[in-house]
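K.L.:
what shape does this take:
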Amino acid sequence: MEHEEKLKYLKIALYVIGVIFIAGVPALMMWIWPSGWGWTPPQPEYEQMIMGVYATLGVFLIRAAKDPLANASLIWFTVWSSIVHGGIMFIQAVTDETDRTNLVGDVPALFLVAFVLWYLMPRRDSSE
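P.N.:
Residues are numbered from 1 along each chain as shown. Now for the predicted structure:
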């Protein structure tokens, strides 16, 4: 994929992921699929905290969609924090049977976010 085409799709992905972080994560955690996205047993204080953090990140990802290259550090933070968050959750889900549904819920979603942003993020030319 060409640089300009990746940039176009990156802008779309940042906007979509931002909206999902703002509205989709809370909906999944509270109403749509709490067992695959929330804590077991439920821990509302932690769930509110994570929803707040992801909503904030979502707002900044939407803002970054206007000029992704000027916001590269935020995008790379999202990639790496998603990998770390997903990795920790993966280990917890494998070792704690009450968290197994996360293996088909938020764990793959976090890895997907990381992969999409990593793949679409333009790399610097070696000539630069």
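
K.L.:
just the helices in the protein please.
P.N.:
3-19, 25-27, 34-37, 44-64, 72-95, 106-120 (DSSP state H).

K.L.:
out of the ones you listed, which gets the lowest mean score?
P.N.:
Lowest mean pLDDT of the helices of the chain: helix 34-37, a mean of 84.

K.L.:
burial measure for V84, as a count.
P.N.:
12 (other C-beta atoms under 10 Å). C-beta: built from backbone N, CA, C; applies to glycine.

K.L.:
any idea how far W76 is from it?
P.N.:
12 Å (C-beta to C-beta, to the nearest Å).

K.L.:
same check on L7?
P.N.:
15 Å.

K.L.:
ok, those two, which is more surrounded?
P.N.:
L7 (16 against 13).

K.L.:
H85 reaches V113, doesn't it?
P.N.:
No. With contact defined as C-beta atoms under 8 Å, H85 does not reach V113; the gap is 9.6 Å.

K.L.:
and these two? which has more neighbours close in?
P.N.:
Taking neighbours as other C-beta under 10 Å, H85 and V113 compare with V113 leading, 22 against 18.
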